[in-house]
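This is a predicted model, with the sequence first.
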Amino acid sequence: MNTCTVQPDQRVFAVYAGLTAGGYDIAQIDPGDEIAAVVHAILEAPWPAHVLDYFRNARAATCEANPYWPRAYMLVAAVMELSLACSRGYPDPVRVRGIMEAMPVDPAHRDPGTIEWLMGLPAVIRQVTTEPWFEFLWTSYADVVAPAIPLYQAVGEEASATLVRIGIPSDRMPKLVIIPNPLQARQIADGVVAQDATYLILARPDFGSIVHEALHSLFAPVRDSMIRMGYAWDDSPASWRRVWEESLVRAATIWAECGDCPAEAARAAAGHASMGFIYVPKLLECFAGSSNGLNDAAGFILECLKECVGTVPHL
């Protein structure tokens, strides 16, 4: 990883402040946490009714574990396409629309209505950030986050070193920007690639999440070649592609975290397999048997495909 920086981001804060004001209720913030005072101030601010309505639309209620999936993630991905000043619209609306339409989520959540909702985000963010009370909220939030930045930095550097250790060449490392965001649920880590960087939005400094999301940005460029090879087993290539990439990243994360302890790694892989990611144990074997690390990621992934075909029952 060439660079690893940690910084709170006003764009992400504006989105999550809006979500919080609109009823986001899965962050599980302890009343004694310093961020609880910021949440109280967010809820007390005089938000325009139409802005609250906008953010309330992020609750899709189609995912039992996280009713804000995938719309909260889509908002974050969209807002990272805005300038840091949050003062203008999308610099290239046509390109941004294409990004939204190609997001790795269920096509049902990329319908025309949702895309238009996302395209309306710049106007909403512009109004939020120009409200007279917003600067106070942002400053209070940044003050609370500041003491945790060294912790995020240390974990980010540890993750960078681990990725090097498992054989990822330095010139393949993504530029990583970690964005602390204690307003979101702790179990959620959102990775967004924008403007030649990989942004990781985390509620807490978590080593495994950083490695996991960084690996997504590494493996994503070869996904299309997997589909062209015809290894998908059903009539939904986009869905299969996402599952395959997720399985690959989960196996790589296990290898990065506990590759020096085969028994622990095997238990972790079996746990993922029990959740439906049936290729993870075989992929972990591929990582363990690789002598060239990930110096040739595309070649390595093709070898993984060959190993998986015929060794794991198709669903």
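Ah, there it is. Numbering: from 1, shown residues only.

From here on, just use CA atoms for contacts and neighbour counts.
Noted.

which residues in the chain form strands?
Assigned by DSSP state E, the strands in the chain fall at 4-6, 176-180, 189-194, 197-202.

could you dump those strands to TSV with distance to residue 23?
Listed next are these as TSV, based on distance: least, CA to CA, whole Å:
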stretch	distance to residue 23
strand 4-6	28
strand 176-180	21
strand 189-194	20
strand 197-202	20
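
what about the ones you listed, which gets the closest to residue 64?
Distance to residue 64, taken as CA to CA, is lowest for strand 189-194 among the strands of the chain, at 17.3 Å.

What pairs with the closest one, parallel or antiparallel?
Using DSSP bridges, strand 189-194 pairs in its sheet with strand 197-202 (antiparallel).

Can you give the contact residues for the partner strand?
174-182, 184, 186, 188-193, 210, 213-214, 217 (CA atoms under 8 Å, 6 or more residues apart in numbering).

Could you rerun that using 6 Å?
175-181, 189-192 (CA atoms under 6 Å, 6 or more residues apart in numbering).

Return a ChimeraX selection command for the buried portion of those.
Of the contacts of strand 197-202, the buried ones can be selected in ChimeraX as follows, counting by 16 or more other CA atoms under 10 Å:
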select :175,176,177,178,179,180,181,189,190,191,192
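
quick one on the thing from earlier: least reliable of the strands of the chain going by mean pLDDT?
Here these differ in mean pLDDT, and the lowest is strand 189-194 at a mean of 88.

hmm, back to that, for the contacts of strand 197-202, which one is nearest residue 9?
The closest of the contacts of strand 197-202, once distances to residue 9 are taken by CA to CA, is residue 179, at 6.4 Å.

separation between the closest one and residue 215?
Plainly put, residue 179 is 17 Å away from residue 215 if you go by CA to CA, to the nearest Å.

Same check on residue 162?
11 Å.

So between the two, which is more surrounded?
With neighbours defined as other CA atoms under 10 Å, residue 162 and residue 215 compare such that residue 215 has more, 22 against 18.

For the more buried one, which residues are in contact?
residue 249.

all numbers from here: first residue = 676
New numbering, starting at 676: the last item is residue 890.

Quick check, pLDDT for it.
Reported pLDDT for residue 890: 76.

what does residue 911 give?
In this model, residue 911 carries a pLDDT of 53.

cool, residue 844 as well?
For residue 844, the predicted pLDDT is 68.

repeat for the one 4 residues further on
Residue 848 is assigned a pLDDT of 73 by the prediction.

measure it to residue 813 for me?
For residue 848, the distance to residue 813 - CA to CA - is 31 Å.

Can you list the buried residues in stretch 818-828?
For stretch 818-828, the buried set under the neighbour-count rule, 16+ other CA under 10 Å, comprises 819-820, 824, 827-828.

cool, stretch 940-951 as well?
940-941, 943-945, 947-948.

Closest one of these to residue 808?
Closest to residue 808, out of all of the buried residues of stretch 940-951 and judged by CA to CA, is residue 947, at 45.1 Å.

confidence score at the residue lying closest to the closest one once chain neighbours are set aside?
Excluding its sequence neighbours, the residue lying closest to residue 947 (CA to CA, 6 or more residues apart in numbering) is residue 955, at 6.7 Å. Note on residue 955: pLDDT of 89.

Same question for residue 900.
43.

between the contacts of strand 872-877, which is nearest residue 712?
Using CA to CA, residue 856 is the member of the contacts of strand 872-877 that lies nearest residue 712, at 14.7 Å.

Leaving out sequence neighbours, find the closest residue to that closest one.
residue 878 is the one closest to residue 856 (CA to CA, 6+ apart), at 4.6 Å.

ok, now residue 815?
Looking at residue 815 with CA to CA, 6+ apart, the closest residue is residue 713, at 6.6 Å.

So that neighbour versus residue 759, what's the distance?
22 Å.

ok, these two, which is more surrounded?
residue 713 (21 against 12).

In this structure, where's the longest helix?
helix 912-933 (DSSP state H).

which other helices and strands contact that helix?
If contacts are counted by 3 or more CA pairs under 6 Å, 6 or more residues apart in numbering; DSSP states H and E, helix 912-933 sits against helix 955-964.

could you redo the last one with a cut-off of 8 Å?
The contact analysis (3 or more CA pairs under 8 Å, 6 or more residues apart in numbering; DSSP states H and E) places helix 912-933 against helix 824-840, helix 882-894, helix 898-903, helix 937-949, helix 955-964.

Next, the buried residues of it.
Result for helix 912-933 [16+ other CA under 10 Å]: buried residues 912-913, 915-917, 919-932.

quick one on the thing from earlier: so the residue nearest to residue 815 makes contact with residue 812?
Yes: applying CA atoms under 8 Å, one finds residue 713 in contact with residue 812, separated by 6.8 Å.

That'll do, ta.
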